[in-house]
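>>> Pasted the sequence and its predicted model underneath.
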Amino acid sequence: MNKKLLFIPLIFFLALVVMFMIQLNKNAGGDDPTKLESVLVGKPVPEFKLEDLVEAGKLYEQDIFTGEPLLLNVWATWCPTCYAEHTYLNELASEGVKIIGLNYKDDRLKAVRWLNELGNPYIHSLFDGNGMLGMDLGVYGAPETFLIDAQGIIRYRHVGDVNDRNWNDTLKPMYDAMLEEAKG
C-alpha cells in the first residue's frame, strides 16, 4: 500500500478542524465580547407590559421608548459589574442622557433599596422579575445597554458596562447622531 495514502485522512481531519475553528470564531463575535449581534437591531422594542420597579401596579408598555432617543440599561443587584457602572450612569443622566432601566430577574426590594442608596439615573424603571422582556431582547445577562431611537427602534446593543471609554468611543457618537436625527 502506498504510504502517501495514509496521510489523506489526517489532511481531511485537519481541514475540518480549521473550518470549524473559523466558524466558531465568526459565531462568537470575534475577539470582542461586547459586540454580540442582536437580531433586534433595526427593529422596534418588543411588545411588553411591565410594572414600574418602585410603584407596583403602575404599568408601562413599549410606547415609553418613543419620542426621543434613549438608552435601555439592563441591570440587577446581583450583578457586580452593574454596581461598577451605576456611578457612570448617574453621571450620564445628570448630563441629560435619557435612560430607562430594566431591572432583570432581581429581588424588587433589593433593587429599590439600591436606587435609593446609589441614586436613580432612570427616567423609568421597569421590573422584569421573570426576565421575559429580557429574553425577548436576547439578553444574556446584566449589564447590557441598548440604544433606541425616537421611533422606538433598537439601533445598537452593548454587552457589558457602560464606562467613559466605550461611551465616548462608541455609544455617545451614535446617541448624538440619533439626537440630530430626531431634530429633523
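Cool, got the structure.
>>> only C-alpha atoms for contact and neighbour calcs from this point on.
Will do.
>>> State the helix or strand in which Lys175 lies.
Not Lys; residue 175 is Tyr. In the assignment (DSSP states H and E), Tyr175 maps to helix 172-183.
>>> which other residues reach that helix?
Glu68, Pro69, Leu70, Leu147, Asp149, Ala150 (C-alpha atoms under 8 Å, 6 or more residues apart in numbering).
>>> And the strands in the chain, which stretches?
With DSSP state E as the criterion, the chain has strands at 49-52, 59-61, 70-75, 99-104, 124-128, 144-148, 154-159.
>>> Direction included, what does the third one pair against?
Each strand pairing with strand 70-75, determined using DSSP bridges, is listed with its direction: strand 99-104 (parallel), strand 144-148 (antiparallel).
>>> Is it correct that Thr77 is in contact with His86?
No. Using C-alpha atoms under 8 Å, Thr77 is not in contact with His86; the gap is 10.5 Å.
>>> Just put the strands paired with strand 70-75 in a markdown table and tack on mean pLDDT and mean neighbour count.
Listed next are these as a markdown table, based on pLDDT from 0 to 100; neighbours: other C-alpha atoms under 10 Å:
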| stretch | mean pLDDT | mean neighbour count |
| --- | --- | --- |
| strand 99-104 | 98 | 25 |
| strand 144-148 | 98 | 24 |
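>>> Between those, which one is closest to Thr81.
Minimum separation from Thr81 across these (C-alpha to C-alpha) falls at strand 144-148, 10.3 Å.
>>> Report the inter-axis angle for that closest one versus strand 154-159.
Relative orientation of strand 144-148 and strand 154-159, computed by axes from the mean of the first three to the mean of the last three C-alpha atoms, to 10 degrees: 170 degrees.
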